[in-house]
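**Q** how does the following fold in three dimensions:
(2 chains)
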There are 2 protein chains.
Amino acid sequence: MKYCPNCAATITVKIPADDSRERHVCEACGSIHYQNPRNVVGSIPIYGDKVLLCRRAIEPRHGFWTLPAGFMELGESTSDGAARETFEEAGAVVDIGPLYSLLNVPHAEQVHLFYLATMKTPNFSAGEESLEVALFDEQDIPWNDLAFPTVKQTLEWFFADRASGALNSEFHVRSRDVLRTEKI
Amino acid sequence: MKYCPNCAATITVKIPADDSRERHVCEACGSIHYQNPRNVVGSIPIYGDKVLLCRRAIEPRHGFWTLPAGFMELGESTSDGAARETFEEAGAVVDIGPLYSLLNVPHAEQVHLFYLATMKTPNFSAGEESLEVALFDEQDIPWNDLAFPTVKQTLEWFFADRASGALNSEFHVRSRDVLRTEKI
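**A** From the prediction side, this is the model:
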């Protein structure tokens, strides 16, 4: 941020009074422009024993597989956003279940939230941001061709929890921080 | 947003190509300035049978009681932010436990996340944003003087779950959307 979005004056980076962090401050109009992490909301769409994945038609990670997910929009809830992204990217209508995983990605200034989701029908189709969409059995998951560490970790937790029976009862949200150095 | 933070040209509100929503677009430099909800992260600090609350020294809701919470900062995780806010507002050092509640506040463009937290010692003190800080037994919670619906709902869930024993085992994150019309 170089210029004030309110008045177009040049921004100063400084620690405001009563604060302890550097902020983008406009000395002309007095506004402080805070910056905060963004939420990426998505789902684990389940049909029987299978999970629905999308192959990305956009950067970053064009051509790699992901759970349907995207940036949360103003005016929606986390779960509504997860259902919206699942429909937009994978053409699938889902019943959103409990929040399953929360992964912090501090270096990307993001929080990734994935909900368990049940597909009402086996219908799906590639949206504009997907090259293809497909249902996968656990043994067919393209582990080396996944798009993001948060997707890989969520799927690893999911299959382990499904095998142990943990998904059939209450569970704490699975959560950890992702490091900048993590690769697929 | 009236002016482009990158180049100070006047912003146009329009639906970009390959998008379905109005965005703040700069026709001069081509940048799109997305806006997304912000996370408010906090804790339920527990010492024995008591919960720690702060009376707000700032607007909104000056003088009303809240769980320690505040906007998540860039570069931190949700749980680190919750611990930081607990220390800044209440002077309490806590061990952060599992995520307990996630409340969407779409009209405020916020998501509120509260973690269970154990106070290591009974030490606490009012930070700059608090008039006073105190430990409360359930029967002494100032229900009519709480600052926000998300705090009230989280405390209601917490005491119900503590009474039922639900807190002693795994649980799904407690979650709902808060309506604009809700009052304390």
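**Q** tell me where chain A has helices.
**A** In chain A, the helices defined using DSSP state H lie at A:78-90, A:149-164.
**Q** which outside residues touch the first one?
**A** The one in question is helix A:78-90. Helix A:78-90 is contacted from outside by A:39, A:41-43, A:45, A:52, A:54, A:68-70, A:72-73, A:76, A:92-94, A:96, A:99, A:113-115, A:117, A:124-130, A:133, B:102, B:104, B:111, B:175, using CB atoms under 8 Å, 6 or more residues apart in numbering or on different chains. Heads up, the C-betas are built off the backbone N, CA and C, glycines and all.
**Q** skipping adjacent residues, who's closest to the residue of chain A most remote from its centre in space?
**A** Ranked by distance from the centre of chain A (CA atoms, centre = their mean), the top residue is residue A:28, with 37.0 Å. Excluding the flanking residues, the one nearest residue A:28 by CB to CB, 6 or more residues apart in numbering or on different chains is residue A:9, at 3.5 Å.
**Q** and the residue farthest from the centre of chain A, how far is that from residue A:13?
**A** Counting by CB to CB, to the nearest Å, the separation of residue A:28 from residue A:13 is 15 Å.
**Q** residues in contact with the residue lying closest to residue A:35 once chain neighbours are set aside?
**A** In space, and not counting its chain neighbours, residue A:35 is closest to residue B:74: 5.7 Å by CB to CB, 6+ apart. Residue B:74 makes contact with A:35-37, A:106, A:109, according to CB under 8 Å, 6+ apart.
**Q** most tightly packed of the helices of chain A?
**A** Of the helices of chain A, the one with the most neighbours on average (mean count of other CB atoms under 10 Å in any protein chain shown) is helix A:78-90, at a mean of 24.
**Q** could you give me the average pLDDT of that helix?
**A** Averaged over helix A:78-90, pLDDT sits at 98.
**Q** tell me the contacts of the spatially most central residue of chain A?
**A** Centroid-nearest residue in chain A, with CA atoms, centre = their mean: residue A:40, separated by 3.1 Å. Residues near residue A:40 by CB under 8 Å, 6+ apart: A:69-72, A:110-113, A:150.
**Q** any idea what it is bridged to?
**A** Counting by DSSP bridges, residue A:40 forms beta bridges with residue A:71, residue A:112.
**Q** doesn't residue A:177 make contact with residue A:149?
**A** No: using CB atoms under 8 Å, residue A:149 is not in contact with residue A:177, being 10.6 Å away.
**Q** what's the overlap in contacts for the two?
**A** residue A:103.
**Q** in contact with residue A:177, which residues?
**A** A:103-106, B:77.
**Q** circling back: distance of the residue farthest from the centre of chain A from chain B?
**A** With distances taken as CB to the nearest CB, to the nearest Å, residue A:28 is found 11 Å from chain B.
**Q** now residue A:129
**A** Counting by CB to the nearest CB - residue A:129 and chain B are separated by 9 Å.
**Q** can you check residue A:3 too?
**A** Distance check for residue A:3 against chain B: by CB to the nearest CB, it reads 4 Å.
**Q** got a pLDDT number for that residue?
**A** Looking at residue A:3, the pLDDT reads 97.
**Q** how near is the residue lying closest to it once chain neighbours are set aside to residue A:1?
**A** Closest residue in space to residue A:3, ignoring its immediate chain neighbours: residue B:8 at 3.9 Å, by CB to CB, 6+ apart. For residue B:8, the distance to residue A:1 (CB to CB) stands at 11 Å.
**Q** same deal with residue A:153?
**A** Counting by CB to CB, the gap from residue A:153 to residue A:1 is 32 Å.
**Q** how does chain A divide into domains?
**A** Domain assignment for chain A, taken from automatic domain parsing, gives A:1-35, A:38-177.
**Q** okay if I get these as JSON lines plus distance to residue B:143?
**A** As requested, those are exported to JSON lines (distance: least, CB to CB, whole Å):
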{"stretch": "domain A:1-35", "distance to residue B:143": "30"}
{"stretch": "domain A:38-177", "distance to residue B:143": "25"}
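**Q** what number of residues are in the vicinity of the closest residue to residue A:78 other than its chain neighbours?
**A** Residue nearest to residue A:78 in three dimensions, not counting chain neighbours: residue A:41, with 5.1 Å by CB to CB, 6+ apart. Using other CB atoms under 10 Å in any protein chain shown, residue A:41 has 29 neighbouring residues.
**Q** for the residue nearest to residue A:54 when sequence neighbours are not counted, give the beta-bridge partners.
**A** Residue nearest to residue A:54 in three dimensions, not counting chain neighbours: residue A:130, with 4.2 Å by CB to CB, 6+ apart. Here residue A:130 sits in beta bridges with residue A:56, going by DSSP bridges.
**Q** do the same with residue A:146
**A** As assigned using DSSP bridges, the partners bridged with residue A:146 are residue A:65.
**Q** distance check, it against chain B.
**A** For residue A:146 relative to chain B (CB to the nearest CB), the value is 22 Å.
**Q** hmm, back to that, could the contacts of residue A:177 go into JSON lines alongside distance to residue B:20?
**A** Compiled in JSON lines, these are given as follows (distance: CB to CB, whole Å):
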{"residue": "A:103", "distance to residue B:20": "27"}
{"residue": "A:104", "distance to residue B:20": "28"}
{"residue": "A:105", "distance to residue B:20": "25"}
{"residue": "A:106", "distance to residue B:20": "30"}
{"residue": "B:77", "distance to residue B:20": "31"}
